[in-house]
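Student: sequence first, then the predicted structure, then my questions.
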Amino acid sequence: MTDTRWNGEPCKARRITAVVTDDARFPLYCARDLVGTRRSVVEVEYGGETFYLDDEDGSGWNKVTHGGSPRWAHSSITIAPDTIQPRGQLADPDKPCLHENFDALVAVARITASDTDPTPIAYNANVTVQCADCGEPFRWTGLRAGVSHRQPMCNIDETELHAPLRPASADPDFGLGLPGFAVTFRGPDTPNSTGQPTTTEQ
Ligand SMILES: [Zn+2]
C-alpha cells in the first residue's frame, strides 16, 4: 500500500473518478464550471471526515503521497458520492491501467567466502517492479536470463533483475571471479529441441 498522509499524519486515500456537483457553501467555488463532468479525484479520509481533491493534473495524489503538507497545492472539489468509481484496471477491466504508481522491491544478497568464512566476496541486487494500482509485474528489457557477477541479468520470465554490485571503496574487479550461469532457450529450428531452457556456465 502506498503511504498517504494529510498534514503529515497517516490518512486513507484512494484515487477515483466522480462527477462534480455544485457546492452552494462557497460562492467562489472554483469547480463550478466543471459541474456535471467526470473528473479524476482523490478521496481522503482523515480525522473522521471524507473530502475530495481534484486530481485531473495529478496534484491531489501528489499531495497525499508527499506528506499532505500545506506547501503542496490542492483544489478541493465536491462530488456526487453515488458516481464514485475507483481508478485502475481492477475498477474498469475494459480500460487498460495507465500504470501511474509503482511498487519496487530491492533485496541485496551477500555472498560469503564459505560457510565458515563470513568475508563477503560478492553482492547481488534483486529488483522487482510492479504497478501499485493493478499489480501487473514489469519485465526487464535487454537482459539475458541467468545469474552473473559480471553483468546484470534477469530471471527466466524477466520480472526480476539480478545485478551485481560492490562497495564504492572496493576494487572494480570485486566479485568478478565468481561463476554464474546463463539460460539459453533453444529455438524451434534447433535440432533435438526440447523446448526446455538449458544452462551454460558463464
Ligand atoms: Zn497498472
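Tutor: Perfect, thanks for sending it. The shown structure was predicted, so the numbers you read here are calculated from the model rather than taken from an experiment.

Student: surely residue 138 and residue 127 touch.
Tutor: No - here residue 138 does not reach residue 127: they are 10.1 Å apart, not a contact under CB atoms under 8 Å. To be clear about C-beta, it is placed using only N, CA and C from the backbone, and glycine gets the same treatment.

Student: around the ion, which positions in the chain sit nearby?
Tutor: Proximity of the chain to the ion, by CB under 5 Å from the ion, involves residues 97, 99, 131, 133-134.

Student: go again using 8 Å as the cut-off
Tutor: 88-89, 97-101, 131-136 (CB under 8 Å from the ion).

Student: from residue 179, how far out is residue 167?
Tutor: 21 Å (CB to CB, to the nearest Å).

Student: let me fix that: residue 158
Tutor: Taken as CB to CB, the span from residue 158 to residue 179 is 22 Å.

Student: more crowded one of the two?
Tutor: residue 158 (17 against 9; other CB atoms under 10 Å).

Student: what's the local residue count around residue 96?
Tutor: Around residue 96 there are 11 residues (other CB under 10 Å).

Student: and what of residue 115?
Tutor: 6.

Student: isn't there a helix covering it?
Tutor: No - per DSSP: H, G, I helix; E, B strand; the rest coil, residue 115 lies outside any helix segment and is coil.

Student: need the contact list for it.
Tutor: Contact analysis of residue 115 by CB atoms under 8 Å, 6 or more residues apart in numbering lists nothing.

Student: still on that earlier bit, pLDDT added to the residues of the chain next to the ion, as a markdown table?
Tutor: As requested, these are arranged in a markdown table below (pLDDT from 0 to 100):
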| residue | pLDDT |
| --- | --- |
| 88 | 59 |
| 89 | 45 |
| 97 | 85 |
| 98 | 89 |
| 99 | 91 |
| 100 | 88 |
| 101 | 87 |
| 131 | 89 |
| 132 | 83 |
| 133 | 81 |
| 134 | 82 |
| 135 | 83 |
| 136 | 89 |
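
Student: can you list which of those are found in strands?
Tutor: Counting by DSSP state E, these place residue 131 in strands.

Student: from the residues of the chain next to the ion, which single one is nearest residue 55?
Tutor: Checking those against residue 55 with CB to CB, the nearest one is residue 100 at 10.4 Å.
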